[in-house]
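Visitor: Okay, predicted coordinates and the sequence, questions at the end:
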Amino acid sequence: MSVDTVLRPTLAVWKFASCDGCQLSLLDLEPELLAITRAVRVAHFTEMTRAHVEGPYDVSLVEGSITTEDDAARIVEVRAQSRYLVTIGACAATGGIQALRNFVEPGVFPAMVYAHPEYLRALDTSTPVSAHVAVDYELRGCPIDRFELLEVILALLAHRRPIIASHSVCQECKARGTVCLVVTGECACLGPVTRAGCHALCPSVGRGCFGCFGPSEGANVDALMEWLRWHDHDGRSLNRLLQTFNAAAPVFRDAAVKVATPKQRSASVPTTKEST
Amino acid sequence: MTHGANRNRTVSAEGVARVEGEGSLRVVVHDGTVSDVSLDIFEPPRYFEAMLVGRHFSEAPDITARICGICPVAYQLTACSAMEDAAGIVVSDRVQRLRRLLYCGEWIQSHALHVYLLHAPDFLNCQDAVELAEREPGVIERGLALKRTGNLIMETVGGRSIHPVNVRVGGFYSAPEATAIAALKVPLERARDEALATVRWVAGFDFPDVNASYRFVALRQDGRYAIDGGRPISSDGLDVTPQHFSELSVEEHVARSTALHARLDGRSYLTGPLARYSLNQHLLPDVAREAARDAGLADTCVNPFQSIVVRAVELVFACDEGLRLVAEYEPPAPAAAEAVARAGTGTGVTEAPRGLLLHQYEIDGEGNIVRARIMPPTSQNQLTIEEDLRRVVEGGLDLNDDDLRWRCEQAVRNHDPCISCAAHFLDLKVERS
């Protein structure tokens, strides 16, 4: 083993319940990828390598939410082995789209998909990593922005704080000169309450933000919902808008409940009765 | 069989690396013969078909994209196709061509990832592409450049490469400007040369001599190598509508897997590059057919280890097809057909990079999803992958456990299973008792 191999910080990438898209973001840093693997030693990353180096690790990137008892135990082990634990993506930060199960009675979803739900060993909920262990940094997004990931890796290598915006998508629209879709009333948009990081992609193609980076700091979601309802957006569609990739983020979850009338809510979320 | 210790054993590979998702492989050898092969998929279930019930039909493309971060375009466009079938929405030719260009981007991205980062290291005895990059300078850089071009197409058409934002039922939120699409020409020309170099590179690898008797299933599109739709056809004469195919293909839930196992008429089958090439190679453009011939491929390919060559040929095709679509591009106006709900059931099929993907939805008159069925390529291929594994183990019993484990992992990676897709992958155990 060379001196270089010993001195390079180690990077481990771990997957929990997820689509693999956020860890793919690391491989999507095509021009930078080989430079990164020269600067850090990839100690565990099953999407990229057969090699596995035992911990401890300097940095662990964690993708996905916790949905099984085994994973609940595994994340504790990952935390114990990691100097810095950075979560990547909406699943790890808020539970992801699979947290929709949190809002229905236990057992409903498994019975709808599998002939033998008894074969499954899964929890009734999908929870963020931070509900189980201390997290040093959360990168938001469904998926994360690869340049934000690069910034976090560079910051950790330089022993400084990552420079990542915490304001809303609204400011990104203004920065790129996109005409406001909320003001023109063209469509419902979560840009005012959603964390920046995507460079306001959806409004740039003429569709409202659907909140894939999760709530921005201090987001007043109720006020936005009131405004959108006043502008003739119906409660059910607003409820659906909030119940996607960060459905279990507390401010999105609570506002989604408020914006839907009970009838509308029961129609948008399957219950045992409807599924039978 | 060279020594007694190998007559009874179990080989297992836990967390088969370089496949997307999590899975494990267990092989039991008893008295010199393989008694059991099982591919266990322990990816946590995410219940997409349940989450979709009660949602609006317009939401399916974005929700199902999250099944797989490696092939989100496949999920989005298959969902669109199924919903358009259900609601009777007719999509313009310009929209369909732009979709095909977006899909070419995903094929290039996914195939470049698999060929260079996931599969090639196996043939060169490397643990990963980083080790390969040290040994063969410039090669991985070429693969990453190809991958970048695929991502560039998806970013240009879809807004971003992972979970694009510009796709909707009926078409696109906005049509890319002609200048933005024209700017893809130069990168695609370079990518086509890189893809041709890729075919020459992988054709020189050492391949184990395998002749499998696969039952191939792929889509057939009029006059073109199928990507974005078509009729399911098979190597044993099947030629049916997507709807009929969905009735013939039955998925079974087995205890060891959160991915369902599909059978067609009760038997296993294979979708993906080997199937597409073997059934449709005559529809490839000349540049791809010549590359295939120079690489030594016959009109069909039944050696799963050579799937890397077929993927490289498909890279040439996807770049060439992308260039054709870029040259012919006219912005669709409107960018999308109006998507008005109508009660009905619809089926959509497309060729995801790793094989045939089927979506089927029932929607009510308000556009609410009543029932959803999603059949990813990996569930359809899983039984065939297990048959491959059995053959590899039977032919490799005199290898030591480590070498046999690696060979088994390779046999799995040959089919590029996306475990996130099929619930979704790998952990090998060889048990020699």
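Guide: Okay, I see it. Numbers count the residues shown, from 1 in each chain, chains lettered A, B, ... in the order given.

Visitor: wait, what's in contact with residue B:339?
Guide: Shown in contact with residue B:339 (CB atoms under 8 Å, 6 or more residues apart in numbering or on different chains): B:57, B:58, B:83, B:84, B:87, B:89, B:168, B:169, B:170. Just so you know, the C-beta spots here come from the backbone N, C-alpha and C atoms, and that holds for glycine as well.

Visitor: ugh, typo on my part, it should be residue B:203
Guide: Contacts of residue B:203 (CB under 8 Å, 6+ apart): B:294, B:295, B:296, B:309, B:312.

Visitor: same for chain A: which of those residues are within range?
Guide: Among these, proximity to chain A is found for none (CB under 8 Å from any CB of the partner chain).

Visitor: what's the closest of these to chain A?
Guide: residue B:312 (18.0 Å; CB to the nearest CB).

Visitor: what about that closest one, which helix or strand?
Guide: Element membership for residue B:312, per DSSP states H and E: helix B:307-327.

Visitor: got it, and residue B:275?
Guide: Judged by DSSP H and E, residue B:275 forms part of helix B:273-280.

Visitor: Go ahead and name everything in contact with that helix.
Guide: B:214, B:216-220, B:225-226, B:233-235, B:292, B:297, B:299-302, B:304, B:307, B:310-311, B:313-314, B:351, B:355-356, B:416.

Visitor: Residue A:162 - how many residues pack around it?
Guide: As a burial measure, residue A:162 scores 17 neighbours (other CB atoms under 10 Å in any protein chain shown).

Visitor: for it, helix, strand, or coil?
Guide: Under the three-state scheme (DSSP: H, G, I helix; E, B strand; the rest coil), residue A:162 adopts coil.

Visitor: doesn't residue A:137 make contact with it?
Guide: Yes. In this structure residue A:162 lies within contact range of residue A:137 using CB atoms under 8 Å: 6.5 Å.

Visitor: tally of neighbours for residue B:207?
Guide: Counted with other CB under 10 Å, residue B:207 comes out at 16.

Visitor: let me redo that: residue B:300
Guide: Count around residue B:300 with other CB under 10 Å applied: 14.

Visitor: ok, and it, which helix or strand is that part of?
Guide: Residue B:300 belongs to no helix or strand, assigned by DSSP H and E.

Visitor: Spit out the contact partners of it.
Guide: By CB under 8 Å, 6+ apart, the neighbours of residue B:300 are B:277, B:278, B:281.

Visitor: For it, give me the backbone phi and psi.
Guide: phi -130, psi 160 (degrees, to the nearest 10).

Visitor: cool, and residue B:96?
Guide: Torsion angles, degrees, to the nearest 10, at residue B:96: phi -60, psi -40.

Visitor: Likewise for residue B:188?
Guide: According to degrees, to the nearest 10, residue B:188 has phi -70, psi -40.

Visitor: got a list of what it touches?
Guide: Residue B:188 touches B:149, B:153, B:319, B:322, B:323, B:326, counting by CB under 8 Å, 6+ apart.

Visitor: Same list, these, but as CSV with neighbour count, distance to chain A and pLDDT please.
Guide: Formatted as CSV, the contacts of residue B:188 follow (neighbours: other CB atoms under 10 Å in any protein chain shown; distance: CB to the nearest CB, whole Å; pLDDT from 0 to 100):
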residue, neighbour count, distance to chain A, pLDDT
B:149, 27, 10, 98
B:153, 31, 13, 98
B:319, 29, 16, 98
B:322, 28, 18, 98
B:323, 20, 21, 98
B:326, 21, 19, 98
